[in-house]
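**Q** Predicted model and sequence below, questions to follow.
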Amino acid sequence: MKRPASSRPCFQLFCFPYAGGGGSIFRFWQADAGPSIQVEPVRLPGREGRIGEPPLRSVPELVQTIADQIVPQIRGPFAFFGYSFGALLAFETARRLRGQGLSPERLIVAALKAPHLPLRRKPIHDLPDHEFAAEIRDFRGTPDAVLQNAELMKLVLPAIKADFHAYENYRYQAGEPFDFPITAMGGARDTTVSSDELAAWSVHTCAAFAKHVFPGDHFFLNTERQLVTWTITRELRASLRAA
């Protein structure tokens, strides 16, 4: 039967934020994506509307919480988009859901090396707060107005440090590659992720793989949002047509 024009979008895009980030970083995405795609931000403890909840400090805990949150929301074809630390969470959540008989149509990862590759920088999660804040300034993801505001930092720092703790203590476990496509995205001036480290995501799928490089540094998501969302919606619509 033909879907009525007023029915719900036919493709859900679950979006996983970067370390310390919340669902608000995707607030303009629905307008970019259009009516055929429903943008579903993943909302984690310890930030924004869940600021009163203690942040989780391990990838397995986060993945279980995310799976419990999103499985009841799945209504049909869906895809995952993860940015930086969110890319790792999207990858591991896709693995978790595959074990439950659910798989996304596509995994889109951005600004992160492939998960099987070793961390090539010194861990910073256990630094004193003032030293940690100085380190994350170099990532250019936290506005200076926040970094220089002691009250705001007191609110946001626990979630950021918890995410760094989870990422820096993550240990990859080998598994079967996915049978759905993976798209990897990177910034041309991102010094934290090389082109080869992005390309290495290809080993995690036996289906199609694509790599896109955008202008900008590690947070090209902020400076090139519309180009990023246009690329994503183009690939998701192609997946819809194939399905």
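**A** Thanks, I have the structure now.
**Q** which residues does the residue most central in space within the chain contact?
**A** By C-alpha atoms, centre = their mean, the chain has its centre lying nearest to G82, at 1.8 Å. By C-beta atoms under 8 Å, 6 or more residues apart in numbering, G82 lies in contact with C15, F16, L88, L89, A90, F91, L107, I108, V109, A110, L112. Placement of C-beta: from N, CA and C, glycine included.
**Q** bridging residues for it?
**A** When assigned by DSSP bridges, G82 has beta-bridge partners F16, V109.
**Q** quick one, strands of this structure?
**A** 11-16, 37-41, 78-83, 107-110, 182-187, 209-214 (DSSP state E).
**Q** tally of neighbours for the residue nearest to H212 when sequence neighbours are not counted?
**A** Once flanking residues are discounted, H212 sits nearest to M185: 4.9 Å by C-beta to C-beta, 6 or more residues apart in numbering. For M185, the count of nearby residues is 26 (other C-beta atoms under 10 Å).
**Q** what does L198 give?
**A** 23.
**Q** So it versus Q12, what's the distance?
**A** 25 Å (C-beta to C-beta, to the nearest Å).
**Q** go on, T229?
**A** Look at T229 and Q12: by C-beta to C-beta, they are 15 Å apart.
**Q** Over to A199?
**A** Counting by C-beta to C-beta, the gap between A199 and Q12 amounts to 28 Å.
**Q** which of the two has more neighbours?
**A** Neighbour totals were compared for A199 and Q12, and Q12 leads with 22 against 14 (other C-beta under 10 Å).
**Q** For the more buried one, list each beta-bridge partner.
**A** In beta-bridge terms (that is, DSSP bridges), Q12 pairs with Q38, F78.
**Q** Local confidence estimate at it?
**A** For Q12, the pLDDT comes out at 96.
**Q** Could you do P143 as well?
**A** pLDDT, P143: 55.
**Q** Then D68?
**A** In the predicted model, D68 carries a pLDDT score of 96.
**Q** separation between the closest residue to A208 other than its chain neighbours and L236?
**A** Spatial nearest neighbour of A208, chain neighbours left out: P181 (4.1 Å); criterion: C-beta to C-beta, 6+ apart. P181 sits 11 Å away from L236, going by C-beta to C-beta.
**Q** overlap in contacts of those two?
**A** R106.
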